[in-house]
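Colleague: The following block contains a protein sequence and its predicted model.
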Amino acid sequence: MVCSRRRRLERERERTLSPFNTAAGGVDRKKNLIPSHLPQDLRDFLLRAQVLKLYRQALRIARRAPGHARADLVHMIRQEMENNQNCSDKQRIRFLISEGKGKLKGLDEMLDMQGH
């Protein structure tokens, strides 16, 4: 009896943690997809998507810069991305994303103040 109860609890736990839980009347998947329970490759994919989003945002903001500074700004953005291209430490990548967002916010505000 204890063994069957343990198996049942393990099956329920697996079912609720599975991102593919589609059983009728099942648990709401949005509540189950806690980031620590996501498969590693999915977390890597989401992190990569954040990096690409940041890069695109940076290039969009650089387009608003004056013509004489735009090329240098695009070069600096690309250089920053290339310098950290081989970083595999997830915590460092998150830090770099956060730092990049802060720099972009400052650049965006500066361009707004200049009227660009």
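Modeller: The structure has been received and is ready for your questions.

Colleague: Can you point out the buried residues in stretch 107-116?
Modeller: Under the neighbour-count criterion of 16 or more other C-beta atoms under 10 Å, stretch 107-116 has 107, 108, 111 buried. To be clear about C-beta, it is placed using only N, CA and C from the backbone, and glycine gets the same treatment.

Colleague: now swap in stretch 58-74 and tell me
Modeller: Buried positions in stretch 58-74, judged by neighbour count with 16+ other C-beta under 10 Å: 58, 61, 62, 65, 73.

Colleague: again with stretch 42-50
Modeller: residue 50.

Colleague: Okay, now the unreliable bits of the chain?
Modeller: Low-confidence segments of the chain, defined by pLDDT under 70: 1-3, 6, 9, 11-38.

Colleague: can you pull out the helices in it?
Modeller: Using DSSP state H, the helices of the chain run over residues 2-17, 29-32, 40-63, 67-83, 90-114.

Colleague: which helices and strands sit right next to the third one?
Modeller: This points to helix 40-63. helix 67-83, helix 90-114 (3 or more C-beta pairs under 8 Å, 6 or more residues apart in numbering; DSSP states H and E).

Colleague: That helix vs helix 67-83, what angle?
Modeller: 160 degrees (axes from the mean of the first three to the mean of the last three C-alpha atoms, to 10 degrees).

Colleague: ok, and what's touching helix 40-63?
Modeller: For helix 40-63, the surrounding residues in contact (C-beta atoms under 8 Å, 6 or more residues apart in numbering) are 19, 35, 38, 70, 73-74, 77, 81, 90, 93-94, 97, 100-101, 104, 107-108, 111.

Colleague: any chance of the buried residues of stretch 107-116 in CSV, with distance to residue 50 too?
Modeller: Shown next, in CSV, are these (distance: C-beta to C-beta, whole Å):
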residue, distance to residue 50
107, 18
108, 18
111, 23
